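>>> Sequence first, then the predicted structure, then my questions.
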Amino acid sequence: MKNILVLCTGNSCRSQMMEGWLRHFGDENLLIKSAGIETHGVNKKAIAIMKEAGIDISRHTSNHIDEYLSIDFDLIVTVCDHAKERCPVFPSTAKKIHYNFTDPAKAQGSEEEVLNVFRQVRDKIRDFSKSLVNQ
């Protein structure tokens, strides 16, 4: 089994989307968890745009990194620079990779413009997740 932790600042958008995609592209041999260095709740727009893509993250919870200290992760993926800077405090020998995805929760504009930013980030995370699972 391969244990993967997706780490972000608030575990509300980017890490939740990646957890959903990794579960979608992976198999039963993957243990996928996501967490934040803080918890902000799962973003409603992230839930909505993932649902558009056929992925249900509505039952995901926003978890703090401390909840997973007892799991021996093989891979830790940080999806924002802030989490990457704080990630070394997580005691693990796991391989660490980083990709700084734009934070869609900070998007401004009309509702449709904001949702389009969420969609763009969702699609980038989808492509990254698919290539990660295929490695």
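Everything's here; your move. Remember, it's a predicted structure, so these values are computed and weren't measured experimentally. Numbers count the residues shown, from 1 in each chain.

>>> can you list the weak-confidence ranges in the protein?
For the chain, the stretches with pLDDT under 70 are 1, 81-91.

>>> quick one, helices of it?
14-25, 44-52, 81-86, 111-134 (DSSP state H).

>>> And the contacts of the last one?
If you take CB atoms under 8 Å, 6 or more residues apart in numbering as the criterion, helix 111-134 is touched by 13-14, 17-18, 21-22, 24-26, 30, 45-46, 48-50, 52-53, 77, 79, 99, 101-104, 107-109. C-beta coordinates here come from the backbone N, C-alpha and C atoms, glycine included.

>>> Show me how far it is from its chain's centre.
From the chain centre to the centre of helix 111-134 is a distance of 11 Å (CA atoms, centre = their mean, to the nearest Å).

>>> Distance check, the residue most central in space within the chain against Ala105.
Centroid-nearest residue in the chain, with CA atoms, centre = their mean: Ser15, separated by 1.4 Å. Distance, Ser15 to Ala105, using CB to CB, to the nearest Å: 12 Å.

>>> Likewise for Gly26?
Where Ala105 is concerned, Gly26 sits at a distance of 25 Å (CB to CB).

>>> What of Cys13?
For Cys13, the distance to Ala105 (CB to CB) stands at 5 Å.

>>> any shared contact partners between these two?
Shared contacts of Cys13 and Ala105, defined by CB under 8 Å, 6+ apart, comprise 43, 45.

>>> Of those two, give the one with the bigger neighbour count.
Cys13 (30 against 18; other CB atoms under 10 Å).

>>> circling back to that earlier point, what sits against the residue nearest to the centre of the chain?
Taking CB under 8 Å, 6+ apart as the test, what Ser15 contacts is 6-8, 34-36, 79.

>>> Just to be sure, which of the residues you listed are found in strands?
Mapping the contacts of Ser15 onto strands (DSSP state E) picks out 6-8, 34-36.

>>> Adding distance to Ile125 and neighbour count, write these out as JSON lines.
Below are the ones in strands among the contacts of Ser15 laid out as JSON lines (distance: CB to CB, whole Å; neighbours: other CB atoms under 10 Å):
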{"residue": "Val6", "distance to Ile125": "9", "neighbour count": "28"}
{"residue": "Leu7", "distance to Ile125": "14", "neighbour count": "28"}
{"residue": "Cys8", "distance to Ile125": "11", "neighbour count": "30"}
{"residue": "Ser34", "distance to Ile125": "11", "neighbour count": "30"}
{"residue": "Ala35", "distance to Ile125": "16", "neighbour count": "23"}
{"residue": "Gly36", "distance to Ile125": "15", "neighbour count": "24"}
